[in-house]
Structures are given as structure tokens and as C-alpha cells.
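**Student:** Quick one, fold the following:
(2 chains, ligands or ions: 1)
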Amino acid sequence: MSQVIKIHPMEDFKERSRGVLNDPGQRKNFRGAMDFLMAKRRAQFPDPEELQGLRDLGSAIRRYSLAHLPRLLEQLEAKLTANGVRVHWAQTPDEANAIALGIAQRVKAKRIIKGKSMVSEEVGFNHAMEAAGIEAFESDMGEYIVQLAGETPSHIIMPAIHKTKQEIAKLFADEIAGVAYTEDVDALIRIGRKVLRHKFADADIGLSGVNFCVAETGTLCLVENEGNGRMCTTVPRVHIAITGIEKVVEKLEHVPPLYSLLSRSATGQAVTTYFNLISGPRQPGEKDGPEEVHLILLDNGRTQAYADEELRETLKCIRCGACMNHCPVYARIGGHAYGTTYPGPIGAIISPHMLGLDATYPLAFASTLCGACVEVCPVKIPITDILVRLRNEAQARPDSMEATLRGSGAARTTAGTAVWSVWAQVYSRLGLYKLASWFMSRGRALSPTEQGAWTRSRTPLIPAPKRLRDLLKDRKP
Amino acid sequence: MSARDSILARLRATSIAETLPLPDVKTWFDAHRRNEDTDQRVTRLRAALQAVKTEVHDVSATDWIEALLRIAASKGLRNLLIGTGTAHGAALQARQPEHLKLLPYADAIDSWRDVLFDDIDASLTLARSAIAEIGSLILWPNASEPRLMSLVPSVHFVLLDVATIHSDFHSAITTEGWKDGLPTNALLICGPSKTADIQQTLAYGAHGPRELVVLLRHAEGAAA
Ligand code: SF4
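**Tutor:** Have a look, this model is predicted:
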């Protein structure tokens, strides 16, 4: 089973966006949440020099790690194996789910408790398990709320950011037996805690994501606040971690700068409540911890991004979510409109590798190219350059040198190609340009008043009565 | 070809021209490290922990047990999970407290999981060290003080010797030589479990302990 939601074609994306734009409640939720997260991040970086230095360092660590990725993955595998962790490789979501299912069936698992893991969303893990008769239960409060509502996360850090406490209060009262309506957030969290506590104790397998894998020690690092990640990786008999192949760093000392950038950029915290370093299963004499630890390393299009120097930068991402928090488009349309696991600017540049450019190219166009994402990205990914590149790829001739990705050329239309080629001709020949502009200014009265999407919220574009060159000529003494 | 070999082959097919040097993390941390003595580190650690709703109490090598019992009584705790074969656990047991039942973590969790989840009020663990800059306690669970002690009970007491406080995360990793021997699960903890998943409103006690109580143990004779 591949990713559950796909956007096909462009109209789906537009329709979803329109839905949110016409929903004042949703817009208010997102605006409020983004303002909150932006202010919190800003407060964490009072010294611009320190921020720039740390971003340079973070970027250098990620670039170095990617430059040595095959070697580091092998080192990681060898170290983890020596530590007693079983390492699996998956090229596709189906392969990843089949590996997890194989483990689950071998240990006769009935219930899986999940910590927060965007990669598990990416592969449609819950659906794959449910199809095989295994319950997969979310334990991150935000993910739990979203699962209870039958939805998907709308943000990579705060999955239920689109919901108000009133909506959650109603959801809990409707869906959890014996729960009365309350808008008291502490009470709501207590309810969630109570439901989930026993799920941890009853689960056969705990599933988690990974924030950083350390090659030199064979360690899986997990960053979290709630403790559900620790529960999932400690209480059940089996722990399965799933992550993209790009998450590896070489040395343990490479982790502190990335951890600092991640927690400060994501939620505006100097540090999270828990930083969990897992280097192996329960050892003889130890009284708790899982007896088996597995790591599934997933490709799912990452090798396609890796093959190109410019697109490889995408893989530096540490999934902090800052780019979406600062994106004027995301703040208005929210995460669900994107229709992909990863929304916002990072979603627009990573999803084409996972789902194909043909299924995702509208996302590259859903940007003002204002550069806010580039400015805040803690590892300095040139997101806007990559967006422009993807736009070009989407319109490239499928068999040309410019078409390097799966689904390249999907946005190319005969009419569009013809218009642009005429445009290029006119703009590159002075005589032609003069003639065309003369006709346009003289024929301005013929300009249509309905100009598609442009005139839905703007006045029509009408050429000036005089061209710039005419105005200059008039001014000549 | 296996998935592993295919993935590695695809990665290897990309020849990366640039030879990047190993990032110099040490120099960056050296340049940004504050030159602080133990007292200054204690102050910073305390402020960072208190900012996330952690109780911090100054204790000494001789009075920490009485302090712990006083706090436990004020919270109405009935029992306390302690490790096995630790000096601080033994000292607490030797004190034979009247109103606080001490429960050693003696058996593998598999036989008493329900008891841990339902009947234990609090636990006590010893921190290996701490990090002043980010207000984090470093725990190194082992056979004596297993992982779940710091996670399942609602109240978690941590005993921390002030001499073990590092300036920053990097110096903790390097001075303690972590790369040469990590336990199966090492931990940094800053505050009680929390979440802001409901309308960005901070709530404590999401899944782990609702209360974190740090006993900052000063050496005898030092100003507490
Ligand atoms: S692209 Fe940059 S800002 Fe966006 S999630 Fe990744 S690391 Fe964070």
C-alpha cells in the first residue's frame, strides 16, 4: 500500500485550498498557531550571530553526512547489528510495511502502539496493519486526537494544530466512553493519558520514528516532550523504529548542534523534555526495555533526490517544521490542503520524490517565493531555488535533458508551451518586441475584463496607453 | 539484488565531487562555552529546570533523606520505587521510613507491569550528571535503576550531585566519553512530561511523570 492520500490532479489541490480559505474558523486556527510558533522561535534566537553560526554548523553537518551517506549507512548497520539491533532496508512503502508485518506476525502481535513518526504516515502504516488485522494505535496526544477524528496530521510537529479545544472536547465526549464534555485542557490531557496508559502496557510492539541515527555508536535518537516515545520504545516486548535513509550522522558529537536547532526551531524550546538515545535491546540482567529492537531504513524516492546535487539539499531536512510555520501559503491553507504527508515548503520539495512530480507539481507552484522558509530553515536548505527547479522540471519536455525526475513534464501543456515560445521569441527580438508593445498599447481597449484567476480578486491587467519608450521620447527636449 | 544493495548501489552511483572536512563541532562549542564555576552552573541548571515546572531542592549528603521524606509526605505519597544495589537506595532503606513504603525494582518488568502502572506513586533515581546550559538531567538506566523508573510513576525524584554538572551537551558527551560505551538507553530529561497539542496550551503529565523533583546534593560543607 502506498501513501494514502494523493493529489491528482491540480484541481484537487485548488479545491482543498479553497475549502480552507472559505472557512474562517480554520483560517483563524492556523493564523493563531503560526503566530504563536513564530514568536516562540524568535525568542529562542536572540543573538543573530549565534543563530547564523549554528545554522552554518548544522548545514555543514548535514552536508557532510549526506556526502558520506553510503559509508555511514553501512557503519550504522554494522554498529547497530553489533549492539543487537536488527536492521532492515525498504525501497518502497510496501516493502517497509511488509517488513513490519513480518515482525508482527512472527511475534504474534495483535496491538501496536505508535509514537510520533512521520515516516510511518508516509508509508500508510496504520492502514497496512489494520488490513492485516493488527491494531495500530497512536499515542502522541496530537496524533491520538487526529486518529480519533479519522483524519491525518496537518502539521509535522503539531498534528492537531487545525483543531480548537472545543472541537477536541466534543470529539472526546463523542468518541470516548464515559467522558463528559470539558474544555479544560488539563482535564482533556488527563483523559488522553488514562486511555493511552493501558494501551502502552497492553501493546505487543512499539513503533517509533527516529530524529538522528549515529553511525559511530549505533544509536537512535528520539526527541520528544510527552514521554510517549519513551513508552513505545521501552514498554512493549518489541520496538520497531522506522526512518528515512538520510537521517544518519557520523559522530555522536554531531548531534548536540542539530538537537539545539531542532528544538528551538520547531517549538521554540531550548530543549525538549526528553532526549532518548537508544543503542540496543534489553541486555542480560536488565529488568526492562524491549527484547527486540528493529530499524527499518526507508528509501521511498530519497535516492532520486540524492542523485542530483541541487535536490540533494532537500535531504538535509531535520523536520523541524519552521518552514511551514513561516510560510504565508501554509498559514492560509493549512496542512490538509497539500494532500501529502509532509505539507508546507518542505512538503513541496520532498513529496515529488516520494509520489512523483506528476502527482505533486501543484505544490511547487503554491509558493510566493518570498523566501521566509529559506530564512528560517535551521540547516539552510535553499527551498525557493528548489521550488523554481521543480517548476521548471514540471514543465520540461519529458524526453529532454531538463527532465530528470519521475513525473517530469507533467505540467506541460500544448497551449502553455506555445504561449511561452511566442513570448520568448518576442522578448528576444527587439524589433518584434517594439511592434508587439505598440499593438498592445494601441489595442488596450480590447483587453478582456475577465482574466481568469487574476481578476477574481484583482482589477484586470490593461496595458498602459503609452509604452515606456514613448514616454521617454516625449520627455526628450 | 536485495533492497539494501539496490539502495546502496543507487547512492554510490552518485559521485560527490566535494571533499568536505569533518565538521568542527568542538571549536564551535569551545568558542561559545561559558566559563562558569559550579555555583554558576547550579544557578543556571536550577533556573532552566524551574522554568519547566520542576521542583528543585538543595540538600546535603547527610540531610537528603530527610528532605525527600518531608517532600514525599507533603505530597501524600504512599510508596516509592527504588533501585537495587545502589548506595542511595541502601541508605534510604536503612532509614526505615515509617510512612513511605520503599519498593525495590527487584524483578524483570514482565511479571509486575500492572503493579508499576497502577500502584506506584513515585520513584527515586540517581542522575549520572546534568547539563547547565539546557537544564537537562542525564540518566543512564541500568540493571540497578531500570528505564521505566523515570517514566511510569507520577512523581519522579532525581538525586543529582552538583559536582557532576557539565556546562553544555557537547562537554557532557566528550568528557564522559560517551562514544566508547553508551548504555542500551541513555536519557536527557528536562522537566515533567508535557504537551501543547491542544490549542497550544501547555499541559503537564501527558504520559510520563506529572511532577519532577530534583534533589541537588551539595558536598558536605559547601553552601547549599
Ligand atoms: S526544510 Fe528546513 S525549516 Fe523546513 S522542516 Fe526541514 S529543516 Fe525545518
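
**Student:** what's the average pLDDT for the lengthiest helix in chain B?
**Tutor:** For chain B, the helix with the greatest residue count under DSSP state H is helix B:38-50. Averaging the model's pLDDT scores along helix B:38-50 yields 96.

**Student:** Who are the contact partners of the closest residue to residue B:44 other than its chain neighbours?
**Tutor:** Sequence neighbours aside, residue B:132 is the residue nearest to residue B:44 in space, at 4.3 Å (criterion: C-beta to C-beta, 6 or more residues apart in numbering or on different chains). Any C-beta I mention is one placed from the backbone N, CA and C, and that applies to glycine too. By C-beta atoms under 8 Å, 6 or more residues apart in numbering or on different chains, the contact list for residue B:132 reads B:36, B:40, B:41, B:42, B:44, B:45, B:48, B:165, B:166, B:167, B:168.

**Student:** May I see those residues organised as a markdown table, with neighbour count and distance to the ligand added?
**Tutor:** Output for these, formatted as a markdown table (neighbours: other C-beta atoms under 10 Å in any protein chain shown; distance: C-beta to the nearest ligand atom, whole Å):
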| residue | neighbour count | distance to the ligand |
| --- | --- | --- |
| B:36 | 15 | 31 |
| B:40 | 14 | 33 |
| B:41 | 21 | 31 |
| B:42 | 22 | 34 |
| B:44 | 19 | 28 |
| B:45 | 27 | 29 |
| B:48 | 22 | 24 |
| B:165 | 23 | 31 |
| B:166 | 22 | 27 |
| B:167 | 20 | 27 |
| B:168 | 17 | 22 |
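
**Student:** who's in contact with the nearest residue to residue A:234 once chain neighbours are set aside?
**Tutor:** Ranked by C-beta to C-beta, 6+ apart and with sequence neighbours excluded, the top spatial neighbour of residue A:234 is residue B:147, at 5.0 Å. Residue B:147 sits next to A:230, A:234, A:288, A:289, B:141, B:185, B:187 when contact means C-beta under 8 Å, 6+ apart.

**Student:** separation between residue B:147 and residue B:3?
**Tutor:** Separation of residue B:147 from residue B:3 (C-beta to C-beta, to the nearest Å): 32 Å.

**Student:** before we move on, what about residue B:31?
**Tutor:** Residue B:31 is 43 Å from residue B:3, by C-beta to C-beta.

**Student:** what are the ranges of the helices in chain B?
**Tutor:** Per DSSP H, chain B carries helices over the ranges B:3-12, B:25-32, B:38-50, B:64-74, B:87-95, B:113-119, B:169-175.

**Student:** just these: most buried one?
**Tutor:** Mean neighbour count (mean count of other C-beta atoms under 10 Å in any protein chain shown) peaks for helix B:169-175 among the helices of chain B, with a mean of 20.

**Student:** quick one: contacts for the residue in chain A positioned nearest to chain B?
**Tutor:** Nearest to chain B in chain A, going by C-beta to the nearest C-beta, is residue A:227, at a distance of 2.9 Å. By C-beta under 8 Å, 6+ apart, the contact set of residue A:227 is A:273, A:274, B:151, B:193, B:206, B:207, B:208, B:209.

**Student:** burial of residue A:469, as a residue count?
**Tutor:** 12 (other C-beta atoms under 10 Å in any protein chain shown).

**Student:** helix or strand for it, which one?
**Tutor:** Per DSSP states H and E: residue A:469 is located in helix A:468-475.

**Student:** can I have that helix written out in CSV, keeping just the CAs?
**Tutor:** What follows is helix A:468-475, C-alpha atoms only, in CSV (Å, rounded to 0.1, in the frame of the first residue of the first chain):
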residue,chain,number,x,y,z
LEU,A,468,7.8,53.4,-21.6
ARG,A,469,9.9,54.1,-24.7
ASP,A,470,7.1,56.5,-25.9
LEU,A,471,7.1,58.3,-22.6
LEU,A,472,10.8,58.7,-22.7
LYS,A,473,10.7,60.0,-26.2
ASP,A,474,8.1,62.6,-25.2
ARG,A,475,10.3,63.9,-22.4
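
**Student:** residue ranges of the helices in the stretch 201-350 of chain A, please?
**Tutor:** Secondary structure of the stretch 201-350 of chain A by DSSP state H, counting those that start in this stretch: the helices cover A:228-234, A:255-267, A:302-306, A:309-312, A:322-325, A:328-333, A:344-355.

**Student:** hmm, the third one touching chain B?
**Tutor:** Right, the one you point to is helix A:302-306. Yes - Helix A:302-306 lies within reach of chain B by C-beta under 8 Å from any C-beta of the partner chain, at A:303, A:306.

**Student:** Assess the claim that residue A:114 and residue A:200 are in contact.
**Tutor:** No - Residue A:114 is beyond contact range of residue A:200, at 10.7 Å (criterion: C-beta atoms under 8 Å).

**Student:** Flag the shaky bits of the chain, pLDDT-wise.
**Tutor:** Looking at chain A here, since you left the chain open. A:1-11 (pLDDT under 70).

**Student:** oops, chain B please
**Tutor:** For chain B (pLDDT under 70), the answer is B:18, B:221-224.

**Student:** domains for chain A, by residue range?
**Tutor:** A:1-43+A:321-412, A:45-146+A:201-303, A:422-474 (the TED database).

**Student:** burial count for residue A:468?
**Tutor:** 10.

**Student:** my bad, residue B:155
**Tutor:** 21.

**Student:** nearest residue to it other than its sequence neighbours?
**Tutor:** residue B:122 is the one closest to residue B:155 (C-beta to C-beta, 6+ apart), at 3.8 Å.

**Student:** and what of residue B:134?
**Tutor:** Per C-beta to C-beta, 6+ apart, closest to residue B:134 is residue A:271, 4.0 Å.

**Student:** Check the burial of that neighbour by counting its neighbours.
**Tutor:** 24.

**Student:** And it, how far from residue B:38?
**Tutor:** 21 Å.

**Student:** Repeat that for residue A:129.
**Tutor:** For residue A:129, the distance to residue B:38 - C-beta to C-beta - is 51 Å.

**Student:** Equivalent analysis for residue A:88, please.
**Tutor:** In terms of C-beta to C-beta, residue A:88 sits 46 Å off from residue B:38.

**Student:** which residues touch the residue sitting nearest the centre point of chain A?
**Tutor:** Nearest to the mean C-alpha position of chain A, by C-alpha atoms, centre = their mean, lies residue A:342 at 2.7 Å. Residue A:342 makes contact with A:118, A:122, A:156, A:350, A:351, according to C-beta under 8 Å, 6+ apart.

**Student:** count of residues packed around the closest residue to the second one other than its chain neighbours?
**Tutor:** Residue nearest to residue A:122 in three dimensions, not counting chain neighbours: residue A:341, with 4.6 Å by C-beta to C-beta, 6+ apart. Other residues within reach of residue A:341 by the criterion other C-beta under 10 Å amount to 24.

**Student:** re earlier: could you give the bridge partners of the residue nearest to residue B:155?
**Tutor:** residue B:80, residue B:155 (DSSP bridges).

**Student:** Next, count neighbours for it.
**Tutor:** Neighbours around residue B:122, by other C-beta under 10 Å: 25.

**Student:** Kindly report the same for residue B:111.
**Tutor:** For residue B:111, using other C-beta under 10 Å, the count is 9.

**Student:** now it: how far from residue A:270?
**Tutor:** 40 Å.
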